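S.K.: structure for this input, please:
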Amino acid sequence: MTRLARLLEGRTWMALAAGALMWVVWGVAAALGPGNLDLNGQVIGADHAAFHTAAALLADGRGAALFDYPDVVEFQAKQDELTGKPGFLDAYRNPPFYALLYRPTARLPYLSSYAIWAVIGVLCLVGGLVALRGRAVARPLVWTLSFYPAFATVSFGQNTFLSFGVFALVYRLLAADRRFMAGLAAGLLLYKPQLLFGLGLWWLFGIRRYWPALVGAAVTGLGLAGLSWLVVPDETLDWVRKLPEIARYSQFEFYNLHNSRGFGFLLTGDQAVGQAFGLAGLVVTAGWLWTFHRRFGPDVRLMMAAAVFATLWGSPHTMTYEWALAAIPAVLLWDARPDLRPTWVPLFALAWVAMFVSTPLTKGQLAVAGVAVQVSVPVLAFVGLRATRALRSR
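M.R.: Numbering: from 1, shown residues only. Coordinates of the predicted model:
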C-alpha cells in the first residue's frame, strides 16, 4: 500500500478533474434540456419527484394516493403533472411523516423545489463536515463532491446529505459523551430505518455504556410516530398496513444497488439468490463489527467510522448515492490515525475509483449479458478489511 501511495503522490488532481468534468457535463445537460427534463429526456433530480409528489398530494388532501400499492395510479398521474414526463414513476416509500418535511415547497414548481432541497442538502454536508472536524473543511468538501455517490445525491435529487448531517451530529454528541442526545439525533434517521443498522449494533454491543443512546433513539421514534399519527393519521395507517408490499417493491434500477444483496441479484438475475446474499452479508457485517468493537470499542471516532461502513456494506438497501456517507469514515480515519495516511490514500483511491466506474460497468454488463458483477462490492469489502488490518497492526 505504501508503494501505491507513492505512485499516487502528485497525481490525485486527476480524480478532482474527473469529478469536476462530471459536474460540468451534468450541469450543461440539465440547463439545456426542455422544461423539467435534461438533454437525455430524463427528469432532473428524478428521485426528488417522489418527495415532491407526496408533499403535493398531502397539500391537496389526497394522501390516500401515497401508498396505493402495487400500482399507485393516482400518485403516478400527479407525478406526470408535476414533472411533465408522461409515464414517469418514482414511487414514495418513506414513512408519511417524512413527506411533511417537503410541505413548505409543495406548491412551488418542481425545479424550484428541487433546487431548494439541493441547496439544503449541500448545507447539511458542509455542516456535517464542520461537526466532524471543525472549520477546516474545504479540502474534504472538495474531495467529497468529487466522489461519484455525492454527485449522484444531487443529480438524482436524493436526501443522503440530510442523513450525512444527522450522522455527523450523532458523532459530535457521542464525542461529547452526550449519549442520550446522540440517540435522540439518531432517531431522525428512521425515515430510512436501514441507516440505523450500524449504530444500533454498536450500541447493543456496548449496551452497558450506550443504553441512553438506545433510549434516546426510541424516544425520537415514538415522537415521530406520534407526530405522524396526529398530522397524517390515515396515511400513517395505510403505510403500516401496506408495509410488506412497500418493502417488496423492486421497481428500481438494480445496477445502482451496491451491497451484497445487489451483488447476488445482479450476478444471477434471481431475487431469491439476492436475498440470500443480502442475509449472508448482513450476518458477516455484524460479525465484523462485533470483532471491531471488541478491539476498538472505547474509541468513538473509530467506532463511528466502522458503524457507518457497516451500515453501507451490510444493510439490504444501499444505493449509489448512500455511499456518499462513506466520506464520514474517511474523514474520521484520516484525522484519528494520521500515522496511517500512507495506507489511507491508496484505500480511499480504490474506493473512489470503484464507485466511479462500477455503476456504468454493471449497466453495460447487463445490457450485453443480462447479468453482471458489481465490482464495487468486493472492492469495498477489501477496503474495509484492509483498513481494519492496518488499525490492528498499530
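
S.K.: low-confidence ranges in the protein?
M.R.: 1-11, 13, 249-251 (pLDDT under 70).

S.K.: let's see 90
M.R.: Applying pLDDT under 90 to the chain flags the ranges 1-19, 63-73, 87-91, 93, 135, 240-255, 271, 316-317, 342, 393-394.

S.K.: so which residue is dead centre in it?
M.R.: By C-alpha atoms, centre = their mean, the chain has its centre lying nearest to Glu322, at 2.0 Å.

S.K.: what's near enough to touch that one?
M.R.: Pro149, Thr160, Ser163, Leu195, Leu312 (C-beta atoms under 8 Å, 6 or more residues apart in numbering). Just so you know, the C-beta spots here come from the backbone N, C-alpha and C atoms, and that holds for glycine as well.

S.K.: now stretch 292-305, how far from the chain's geometric center?
M.R.: Centroid separation between stretch 292-305 and its chain, computed with C-alpha atoms, centre = their mean, to the nearest Å, is 22 Å.

S.K.: just to revisit the earlier point, out of the contacts of Glu322, which is most surrounded?
M.R.: Pro149 (29 neighbours; other C-beta atoms under 10 Å).

S.K.: surely that one and Met355 touch.
M.R.: Yes. When contacts are counted by C-beta atoms under 8 Å, Pro149 is listed as touching Met355 (5.6 Å).

S.K.: need the overlap of contacts for the two.
M.R.: Joint contacts of Pro149 and Met355 (C-beta under 8 Å, 6+ apart) are Thr320, Trp323, Ala326.

S.K.: of those residues, keep whichever come out buried.
M.R.: Among the shared contacts of Pro149 and Met355, those classed as buried by neighbour count (16 or more other C-beta atoms under 10 Å) are Thr320, Trp323, Ala326.

S.K.: from those, pick the one nearest Leu279.
M.R.: Trp323 (20.7 Å; C-beta to C-beta).

S.K.: show me what contacts the closest residue to the closest one other than its chain neighbours?
M.R.: Residue nearest to Trp323 in three dimensions, not counting chain neighbours: Pro149, with 3.9 Å by C-beta to C-beta, 6 or more residues apart in numbering. By C-beta under 8 Å, 6+ apart, the contact set of Pro149 is Thr160, Thr320, Tyr321, Glu322, Trp323, Ala324, Ala326, Met355.

S.K.: can we see that at 10 Å?
M.R.: 156, 158, 160, 256, 258, 312, 318-327, 351-352, 355-356, 359, 376 (C-beta atoms under 10 Å, 6 or more residues apart in numbering).

S.K.: secondary structure element for it?
M.R.: Assessed by DSSP states H and E, Pro149 sits inside helix 148-155.

S.K.: centre of the chain to that helix, how far?
M.R.: That offset, for helix 148-155, works out to 10 Å (C-alpha atoms, centre = their mean).

S.K.: please identify which helix or strand holds the closest residue to Gln271 other than its chain neighbours.
M.R.: Setting aside the residues directly before and after it, Gln271 is nearest to Phe265 in space (C-beta to C-beta, 6+ apart), at 6.1 Å. Applying DSSP H and E as the criterion places Phe265 in helix 260-268.

S.K.: before we move on, the earlier item: distance to Leu243 and secondary structure added to the buried ones among the shared contacts of Pro149 and Met355, as CSV?
M.R.: Formatted as CSV, those follow (distance: C-beta to C-beta, whole Å; DSSP: H, G, I helix; E, B strand; the rest coil):
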residue, distance to Leu243, secondary structure
Thr320, 25, helix
Trp323, 26, helix
Ala326, 29, helix
